[in-house]
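how would this look folded up:
(chains A and B)
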Amino acid sequence: MTDLKKSWQEYIFKALKTAADRENVEAGIDSAENIIVSSPPKPEMGDFAFAMFPFAKALRTSPQNIAGMVVKELENMEDASAAGTFSTAGPYVNVKINIMDSAAGIISKVLNDKDDYGRGSSLKGRKIMLEFSCPNTNKPLHLGHLRNDSIGSAVARILKAAGAEVMKVNLINDRGIHICKSMLAYRKFGNGATPESTGMKSDHFVGKYYVKFDSWSKEDDGALAEAQKMLQDWESGDEEVTSLWKQMNKWTIDGIEETYKATGISFDKVYYESNTYSSGKQEVLNGLEKGVFYKEDDGSIWADLSEIKLDKKVLLRGDGTTLYMTQDLGTAIARQSDWPFDQLIYVVGSEQQYHFQVLFHILKKLGYIWAEDLKHLSYGMVNLPDGKMKSREGTVVDADDLVKQLGEMAKEEIIAKERGDDVGDIDGTAHSIALGALNYYLLQVSPSKDMIFNPAESLSFNGNTGPYLQYMGARISSMIRKFENQKEKFAGIEASSSVLTVEEEKELIKLLISYPEVVEQTANQYNPSALTAFLYELAKTYSRFYHDNPVLNNEDKVIAVSRMELSKAVLQVFRNGFELIGIPFLEKM
RNA sequence: GCGUCCGUAGCUCAGCUGGAUAGAGCGCCGGACUUCGAAUCCGUAGGUCGCAGGUUCGAAUCCUGCCGGACGUACCA
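Got it, this is the predicted structure:
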């Protein structure tokens, strides 16, 4: 599609030039690239549209006239005439390209390239590290983490598809005051209970004590001080605290890993704050020595940010214990030396924008030139229809519960539609549908926007949803199975794109052609929603197409075979696109 | 106060490198299963694109101001 566009820009450019020469005026444009290509409002009007308004001043005539002149010139150009037909529509020149000329080529390209169709090289050679998820070890994952994981994994796969070398990293938040809170509550109220003894999933078990701390601290003013004391003990390596910490962290991490497994999330490398905080502390101390930071009377160490019009930021507490910022400094530096990246992207909620602004700036001040290559991919909050999620009011949507609930809904649906026998593995299929629904729901919204998670809607499998896409994939798969079963019927029949004459077929071809561009655009914008929109469009177009036009059952065998080829190509693009946005592909559902 | 982001149909969202009547889904109403799986398809109704200026031949899209909302501005993460 890009090449076609380029050549048409050239044609229009040339036509304008000659028209201008004839009139003895300047064309008012100096390069073909600056000619804007758009699409006509309706597909039957053509494939590309060129507005003539911008040239009116230079050519000293109305855009309508210019459109007429351009069309006349185009008609005199052999290469242009061969490539398509053109017409004026008021001030526009509409071009209808002979797209079906390339239909056979694109179909066989898709079918030959298979999983590689859509892979590009725009980011070839780039080493990109992508951080996402970053759970705390004091509670299980919730809906907010699911959005993070969904965006992170999708962006990772998309960047890879654009040619980058991608390293997915996680950072386990396993130290800090919040961790001490749940440890403290457990030591105080746990009575030696364990996940095994209570039959709870281990991360939920730990989360219970984090909540417990909250209620306890309301009754007891000393609770917070005790937690702070525990943090000091932990940082100084107190044995009892350390062993409790190890135990509880293991519980949480084990539980979270189960959730990752269920939702298909994985990492190439996992960092732990507990391993990086001390190097961060060292960096701060070095910075102090170099005069980059300053010390307050109470011993705390600060960065002055007035040069970027911000206040000041504490980097190390007076008692010597570290903060989130301290460890993030250490982590970033460790990463650059572990795997020298060209870019490091942090997928973290928008509420931490200030944090990253400060972090990046401090790294620059410390003299790390690669700090320029850091990016905060910020995403909005997930709210509920009746407001914010609040842990205290118990309105937090738990990740495990949600996935389970979606799976149950899908299972009911399979049973209600009497698809069980066909599907075979009902639970597995239901789970795949649940993930398809979830990932699509979370990714169809641009990351920068806050979104409202409507449980009822997310559970719907109709309309603009993941399962709708999966359904289209399953339908085509089913058709292909039937086709393979009666292959002898079509023996010796060759597909021919010349019989693909229906409007939807042309639309499908155009979509197939544009898929690689969509992947590239999605990669450039770090925005998977462009891809969900594309796949939905493809599914809708195919759906309309096969509803009205017999494919396999066509009495004309050449048409049947040709449409099968087209369908296979569409299916391939579904598979490739689904993969990128985390929608499991299903042969049957 | 300052900073960042957001404001498009009843609801949830696309569109925002400026271009021809602003698009989907859900919901509403009405159609289509002897036909490749109806988790489908088709149609109707529904919008001063927060408001006001500006730039432009042309603005939902760019700029400015205002209004409304979210988040941040912690020795939390």
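
which stretches of chain A form strands?
A:48-51, A:84-89, A:92-97, A:127-131, A:165-172, A:269-272, A:294-295, A:301-304, A:312-316, A:343-349, A:374-379, A:382-383, A:451-452 (DSSP state E).

quick one: average confidence on the fourth one?
Just to be clear, that refers to strand A:127-131. Averaging pLDDT along strand A:127-131 yields 97.

try the third one
The predicted model gives strand A:92-97 an average pLDDT of 91.

Does RNA strand B have contacts with it?
Yes - applying CB under 7 Å from any atom of the strand, one finds strand A:92-97 touching RNA strand B at A:92, A:94. Every C-beta, even on glycine, is put in place using the N, C-alpha and C of the backbone.

Check the second one too.
Yes - Strand A:84-89 comes into contact with RNA strand B (CB under 7 Å from any atom of the strand), by way of residue A:89.

Show me the contact partners of that strand.
A:8, A:40, A:45-47, A:49, A:64, A:67-68, A:71, A:74-75, A:80, A:93-98 (CB atoms under 8 Å, 6 or more residues apart in numbering).

now swap in the first one and tell me
If you take CB under 8 Å, 6+ apart as the criterion, strand A:48-51 is touched by A:5, A:8, A:12, A:35-40, A:63, A:70, A:89, A:91-95, A:97.

Residue A:19: what's its closest spatial neighbour, skipping adjacent residues?
By the measure of CB to CB, 6 or more residues apart in numbering, the closest residue to residue A:19 outside its immediate chain neighbours is residue A:69, 4.2 Å from it.

pretty sure that neighbour is touching residue A:21, no?
No - judged on CB atoms under 8 Å, residue A:69 makes no contact with residue A:21 at a distance of 11.2 Å.

which one of the two has more residues nearby?
Neighbour totals were compared for residue A:69 and residue A:21, and residue A:69 leads with 23 against 11 (other CB atoms under 10 Å).

Quick check: buried residues in the one helix or strand in chain A whose mean pLDDT sits lowest?
Here the helix or strand of chain A ranked lowest by mean pLDDT, DSSP states H and E is helix A:455-458, holding a mean of 81. By 16 or more other CB atoms under 10 Å, the buried positions in helix A:455-458 come out as residue A:458.

how about it, does it get close to RNA strand B?
Yes - against RNA strand B, helix A:455-458 shows contacts by CB under 7 Å from any atom of the strand at residue A:457.

which of the contacts of strand A:48-51 count as buried?
A:8, A:12, A:35, A:37, A:40, A:63, A:70, A:91-95, A:97.

Touching, residue A:7 and residue A:83? I think so.
Yes - contact criterion CB under 8 Å: residue A:7 and residue A:83 qualify, at 6.7 Å.

distance of the closest residue to RNA strand B within the stretch 451-589 of chain A from residue A:536?
Nearest residue of the stretch 451-589 of chain A to RNA strand B (CB to the nearest atom of the strand) works out as residue A:463 at 2.2 Å. As defined by CB to CB, to the nearest Å, residue A:463 lies at a distance of 9 Å from residue A:536.

out of the two, which sits in the busier spot?
Shown here are residue A:463 and residue A:536; by other CB under 10 Å, residue A:536 has more neighbours (19 against 9).

residues contacting the more buried one?
By CB under 8 Å, 6+ apart, the neighbours of residue A:536 are A:464, A:468-469.

what about chain A, any weak spots by pLDDT?
Counting by pLDDT under 70, chain A has low-confidence residues at A:1-2, A:392.

mind listing what's buried in stretch A:520-530?
Buried residues in stretch A:520-530 (16+ other CB under 10 Å): A:520-523, A:526-530.

contacts with RNA strand B among those residues, please.
A:527, A:529-530.

Using the record's assignment, carve chain A into domains.
A:2-97, A:399-581 (automatic domain parsing).

Would you mind putting those domains into TSV with distance to residue A:335 alongside?
TSV is the format used below for the domains of chain A (distance: least, CB to CB, whole Å):
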stretch	distance to residue A:335
domain A:2-97	35
domain A:399-581	19
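
Looking at these, which is nearest to residue A:191?
Evaluated over the domains of chain A, closeness to residue A:191 peaks at domain A:399-581, with 25.0 Å, by CB to CB.

mind checking how far that closest one is from the chain centre?
A distance of 18 Å separates the centroid of the chain from that of domain A:399-581, by CA atoms, centre = their mean, to the nearest Å.

Ends of it, what's the gap?
Distance across domain A:399-581, first residue to last, is 18 Å (CA to CA, to the nearest Å).
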